[in-house]
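*Asks:* sequence and computational prediction follow.
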Amino acid sequence: MSDLLVIGAGLSGLMAAYTAVKAGMRVTIAAKGLGSMHWGAGTIDVLGYTATQPELPVKRPLEQIQSLIQQNPQHPYALLTNEHIAQTLATFVALSKDIGVPYGGATNPGDNVLLPSPAGAARPTYLAPKAQLAGDLSRSEPMLIVGFEGMRDFYPELIAENLTHLGYPARAAFLPLKLITNRRDSNTVQLAQGLDNKEQRALLAAALRKIVRPGERIGLPAILGMDAHITFLAELERETNSPVFEIPTLPPSVPGVRLYKAFRGHLQSLGVRLTAGLEVISTQTTAPNGVPGAVQWVESATSARPLKLRADKFLLATGGILGGGFNSDVNGRVWETIFNLPLTIPQERADWFNPGFLNPQGHPVFKGGVKVNASFQPIGANDQPLYANLWAAGNLLAHSDGIQERSVEGTAVATGVAAAQALSG
Amino acid sequence: MNRIQTEVLVIGGGATGTGVAWDAALRGLKVVLVERRDLTHGTSGRYHGLLHSGGRYAVKDSHGAAECIAENQILRVTHAHCIEDTSGFFVVLPEDEGEYPDKFKAGCEAVGIPCVEIPVAEALRREPLLNPRISRVFEVPDGSSDSFLAAHATAQAARNAGAQILTYHEVTSLIMVGGESDRRVAGAVVHNVVTGEDTEIHADMTVNAAGAWTGKLAAMAGIEITIMPSKGTMVAMNHRLVNTVVNRCKSPSDGDIIVPSHTVCVIGTTSINVPEPEPLRIEPWEVKKMLEEGDKMVPGFAQARVLRAWAGVRPLFQDTYTSGKGRDVTRKLALLDHKEREGVAGFLTITGGKWTTFRLMAEATVDDICRHLGTERPCTTATTPVPGAEQGHYWVGHRLHEIEEKHLQSELVCECELVTRTMIENAARRNPLLTLDDLRRDVRLGKGPCQGGFCTYRATGILHEMKKAGSWEVNMSDDASSAAKWEVAYLQSPGHNLVSDADSHEDNGRAANTADSFNPNLLLRDFLQERWKGVTPILWGRQLKQERLDELIYMSLMNVDHLPDKELSSPVTEFYLFDTTPTAEEVADV
């Protein structure tokens, strides 16, 4: 029996579990899959763009959040004060150092940092893995973007050309892929694992030393080792006598996997039970008339038989449409998959989209979600909590489109921590 | 202005136009073909891929049916590799019982369509997902065709015989000569939509093979042709739910054919008269109708994952049609000799018909051209295989087989459709290419479940690397030698693309194009929007989740909405921007 069952192992679920276990709760995490960290850049985007100025990257996200909230008072960030958001991010940074995947931000505290994207755009983010930070586009050293011939998920010529075009001098170079792998077929995670090997690391360092010019910094795909990347990064910088940084790649995201693995290991060392492969298939709740009901247990599929998971408190962190927290059908129905919580998403397909893939206003279907009160409890039509022992956090919360705003991870960290504080307080 | 002199000018790069160019070139005529976009941009690239046995027309349109079965047998030889020998079932559902099945059998026999009634148990053994409540099953020689590959192969055959094929060349006017009594079309002025150059093409005979645009082109000669553009919407499912073409055995109507096509299956179609061939909206009721009808033939169909929806236009022609119903108009070919009809010499229109009868349409057209030119040259297309036909029929496992046999796993750029890097490199060098959408038609890039989520970036990166290395030039020039290596026979075969042309350092015969028409960011944006265009009508469930992943990749990770060169557009950008996001009125209609 746990004090808290967290459903979902994305960033919000893990941050909530961490906060709760630190507050002395016994915590279990049940997840269907591995969490959405495996897809993205591995950075903590707090706020990158706003609908009012979609062309301009946000410079100081925590300050900009105030005007965001004025326009959108129900935004998940509005559930926290600015100081509180800053505290949750500080909690994350401290944790990241403890678990060996250190994160940092812009030289000027409070600013977003612009980092090269795998297409050569300048992507604004608030916190990035240390391994990406030498890519800070406010630095003046020209960049040498190095790729590997035949690596399908990284294109240095494209990156260098676009960066140069944007005013950030860069040139491209290639090394043979067989320098770092002799596998027939490798994805980014396998390439990274290969670079945990000392011999391969030495070969790569020697090759880079030959092509880098004095004064340049070196950008490489984010595959520089899985378990020992910080050591490797230091080795490379020493051997090449140049700053070295990673640029994220197409999924699977090595920076995301590193964070997930380190975070999971740390939680387990704190006594948290985390099991992936547990998709919740049914729930038992009580719902007396007029007063909040209670979640008694949820049941998940396993290979043998359904497994009942009981806890005093439950926290839903299953993500939105991408994470699997919501599903939808041809008739325009969108539903929350576990408790069938009410959603703010329009229940008409005609209201789901704006024209165009890259529409700066985004698409309404991706903006809706679960409404919660100030304590992160899902609420019904009368604004009362639906269940006395259910909380929610992360990208399933209503009134924000994290991908459009570049606020996916900031929302996850802030609401994950705050919801756990609310339920353990 | 540039000037080209030719005997035959063919306008339209669909199945019919390429067929006419091929036929005329084989007969030794000097031929130029112009197409305003890529080959098969129009109806030929937007149909369900059915090689008709003729069964569909056996009851109501015996003439059309007879043309189909004859051509079916010919194309199986001349375009063998563009066809999968799936066979076809006509199944009788409980609601379709009545006189039609017997009329169908008699109709097939009357026009010579091999038609065998097989036991229901046998049909269910071969197609286990079929509705078990069917009462009768007739087997006919339907097939599945790849109309992209076929048009390219036909165009290459035409080129090999001396024809010049100019894609991305739009007709701006017809060259009219003579007075009231001896009016004649003497060619056309075409605009190269990439370089902006105009060319006068003078021709003894001009052929209007513009498909859905036939009426518009004829109007340039002051001729009125009533083409009834009939929109058909098709829906592709994520799986090959059937391996055999499945037709309802009843009078043709909406959503009664499921065609297995490569790794997916396609259900079609609706039939709605539309005022213009482009742009075409796909309405929610059409998609819903397709799924409901599919569910009758294959229970569970409506719950399967949907990949994409698109619409094409049948260029229906009937001189005196009055009913206004698309399916009542004959599907036999219509060859209009404008000298006889309107006194305008040098100008023929070939329309009506269907993909299956494109070769016959071309034969009739070129017979008439020869008559006008006063020369007698027999048609040889029926016995002349196009390049690539020696590979034999398509089979669904061929790419996987070749990739495993040749160990090409590390080369995969598009995992959904098993497209290798060298396939892309060679297609780009051998086939004029302006957008990634052209590459989709060449090698099936981006056609799978992720709808370009991963391969759009990869293909852009690869083409950009080629451009940087000088191993590929965007070439859309009018120079006859410019596409000397236009070679498509094995474009779709991983095993035949082991070595990249780019590595051979041999001159590809194309003049370098200095026009700044290649921009990777434009390529990326255009294709992302093109893919979005086709998924908006079917975004729900897993495909909506997939779309959100594509947003995460291209916005959150790549930030492509903030790449430079936003002001650039290609000739097809505007076309891609017309997506059919459902509207409130349309949803209310369902």
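*Replies:* Yes, it's here. Residues are numbered from 1 along each chain as shown, chains lettered A, B, ... in the order given.
*Asks:* quick check: residues of the stretch 151-300 of chain A near chain B?
*Replies:* Counting by C-beta under 8 Å from any C-beta of the partner chain, the positions of the stretch 151-300 of chain A adjacent to chain B are A:152-155, A:157-158, A:161-162, A:165-166, A:183-186, A:248, A:250-251. Where you see a C-beta, it was placed from the backbone N, CA and C, and this is true even at glycine.
*Asks:* contacts only, for the residue of chain B found nearest chain A.
*Replies:* The minimum distance from chain B to chain A, using C-beta to the nearest C-beta, falls at B:Gly461 (2.9 Å). Neighbouring residues of B:Gly461 by C-beta atoms under 8 Å, 6 or more residues apart in numbering or on different chains: A:Phe154, A:Tyr155, A:Glu157, A:Leu158, B:Pro520.
*Asks:* that one is in what secondary structure piece?
*Replies:* helix B:455-469 (DSSP states H and E).
*Asks:* one more: B:Arg440?
*Replies:* helix B:436-443.
*Asks:* show me where chain A has its helices.
*Replies:* A:11-22, A:61-71, A:82-98, A:130-133, A:156-165, A:188-194, A:198-211, A:229-240, A:254-269, A:402-405, A:408-424 (DSSP state H).
*Asks:* can you tell if stretch B:267-280 touches chain A?
*Replies:* No - using C-beta under 8 Å from any C-beta, stretch B:267-280 stays clear of chain A, coming no nearer than 12.1 Å.
*Asks:* now that stretch: mean pLDDT?
*Replies:* The predicted model gives stretch B:267-280 an average pLDDT of 90.
*Asks:* and stretch A:311-320, by the same measure?
*Replies:* Per-residue scores along stretch A:311-320 average to 97.
*Asks:* what distance separates it from the centre of its chain?
*Replies:* Relative to its parent chain, stretch A:311-320 has a centroid offset of 17 Å by C-alpha atoms, centre = their mean, to the nearest Å.
*Asks:* ok, and for that stretch, which residues are buried?
*Replies:* A:Ala311, A:Lys313, A:Phe314, A:Leu315, A:Leu316, A:Ala317, A:Thr318, A:Gly319, A:Gly320 (16 or more other C-beta atoms under 10 Å in any protein chain shown).
*Asks:* also stretch A:326-335?
*Replies:* Going by 16+ other C-beta under 10 Å, stretch A:326-335 has these buried residues: A:Phe326, A:Asn327, A:Ser328, A:Val330, A:Gly332, A:Val334, A:Trp335.
*Asks:* export it as PDB, just CAs?
*Replies:* The C-alpha trace of stretch A:326-335 is given here as PDB (Å, rounded to 0.1, in the frame of the first residue of the first chain):
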ATOM      1  CA  PHE A 326      -6.400  11.600 -24.000                       C
ATOM      2  CA  ASN A 327      -7.900   9.700 -26.900                       C
ATOM      3  CA  SER A 328     -10.200  10.800 -29.600                       C
ATOM      4  CA  ASP A 329     -12.500   9.400 -32.300                       C
ATOM      5  CA  VAL A 330     -14.000  10.200 -35.600                       C
ATOM      6  CA  ASN A 331     -17.100  11.700 -34.000                       C
ATOM      7  CA  GLY A 332     -15.100  14.500 -32.400                       C
ATOM      8  CA  ARG A 333     -15.200  12.900 -29.000                       C
ATOM      9  CA  VAL A 334     -12.000  13.500 -26.900                       C
ATOM     10  CA  TRP A 335     -11.800  11.800 -23.600                       C
END
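*Asks:* who touches A:Ser352 in this structure?
*Replies:* You called it Ser, but residue A:352 is Trp. Here A:Trp352 is in contact with A:Gly332, A:Ile345, A:Pro346, A:His363, A:Pro364, A:Val365, B:Leu539, B:Pro582 (C-beta under 8 Å, 6+ apart).
*Asks:* how about the second one, nearest residue that isn't a chain neighbour?
*Replies:* With C-beta to C-beta, 6 or more residues apart in numbering or on different chains as the measure, A:Gly368 is the residue that lies nearest to A:Ile345, at 3.2 Å, once sequence neighbours are left out.
*Asks:* quick one: neighbours of the one you found, just the number.
*Replies:* By the criterion of other C-beta atoms under 10 Å in any protein chain shown, A:Gly368 has 24 neighbours.
*Asks:* and if you look at A:Gln71?
*Replies:* Neighbour count of A:Gln71, defined by other C-beta under 10 Å: 10.
*Asks:* does it touch A:Gln53 like I think?
*Replies:* No - when contacts are counted by C-beta atoms under 8 Å, A:Gln71 is not listed as touching A:Gln53 (11.4 Å).
*Asks:* are we agreed that B:Thr206 is in a strand?
*Replies:* Yes - counting by DSSP: H, G, I helix; E, B strand; the rest coil, one finds B:Thr206 located in a strand.
*Asks:* tell me what the closest residue to B:Val207 other than its chain neighbours is bridged to.
*Replies:* Nearest residue to B:Val207 in three dimensions, chain neighbours excluded: B:Val10, at 4.7 Å (C-beta to C-beta, 6+ apart). Beta-bridge partners recorded for B:Val10 (DSSP bridges): B:Leu33, B:Val207.
*Asks:* show the contacting residues for B:Val10.
*Replies:* Listed by C-beta under 8 Å, 6+ apart, the contact partners of B:Val10 are B:Gly17, B:Val20, B:Ala21, B:Ala24, B:Val31, B:Val32, B:Leu33, B:Val34, B:Val207, B:Ala209.
*Asks:* could you dump these to CSV with neighbour count and pLDDT?
*Replies:* What follows is the contacts of B:Val10, written out as CSV (neighbours: other C-beta atoms under 10 Å in any protein chain shown; pLDDT from 0 to 100):
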residue, neighbour count, pLDDT
B:Gly17, 34, 98
B:Val20, 32, 98
B:Ala21, 33, 98
B:Ala24, 31, 98
B:Val31, 30, 98
B:Val32, 27, 97
B:Leu33, 30, 97
B:Val34, 27, 97
B:Val207, 29, 98
B:Ala209, 30, 98
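*Asks:* what's the most distant pair in the residues you listed?
*Replies:* Within these, B:Ala24 and B:Val34 form the most distant pair, 14.0 Å apart (C-beta to C-beta).
*Asks:* and the residue nearest to A:Ile345, what does it touch?
*Replies:* For A:Gly368, the contact set (C-beta under 8 Å, 6+ apart) comprises A:Val334, A:Leu343, A:Thr344, A:Ile345, A:Pro346, A:Ala398, A:His399.
*Asks:* hmm, try it at 10 Å
*Replies:* Neighbouring residues of A:Gly368 by C-beta atoms under 10 Å, 6 or more residues apart in numbering or on different chains: A:320-321, A:326, A:334, A:343-347, A:351-352, A:396-401.
*Asks:* quick one: buried residues of stretch A:174-193?
*Replies:* Neighbour-count burial for stretch A:174-193 [16+ other C-beta under 10 Å]: A:Phe174, A:Leu175, A:Leu177, A:Ile180, A:Thr181, A:Ser186, A:Asn187, A:Thr188, A:Val189, A:Leu191, A:Ala192, A:Gln193.
*Asks:* go through those residues and name the one nearest chain B.
*Replies:* A:Ser186 (7.1 Å).
*Asks:* for the closest one, give me the pLDDT.
*Replies:* For A:Ser186, pLDDT reads 87.
*Asks:* wait, it sits on A:Phe154?
*Replies:* No - applying C-beta atoms under 10 Å, one finds A:Ser186 not in contact with A:Phe154, separated by 11.9 Å.
*Asks:* no further queries at this time; thank you.
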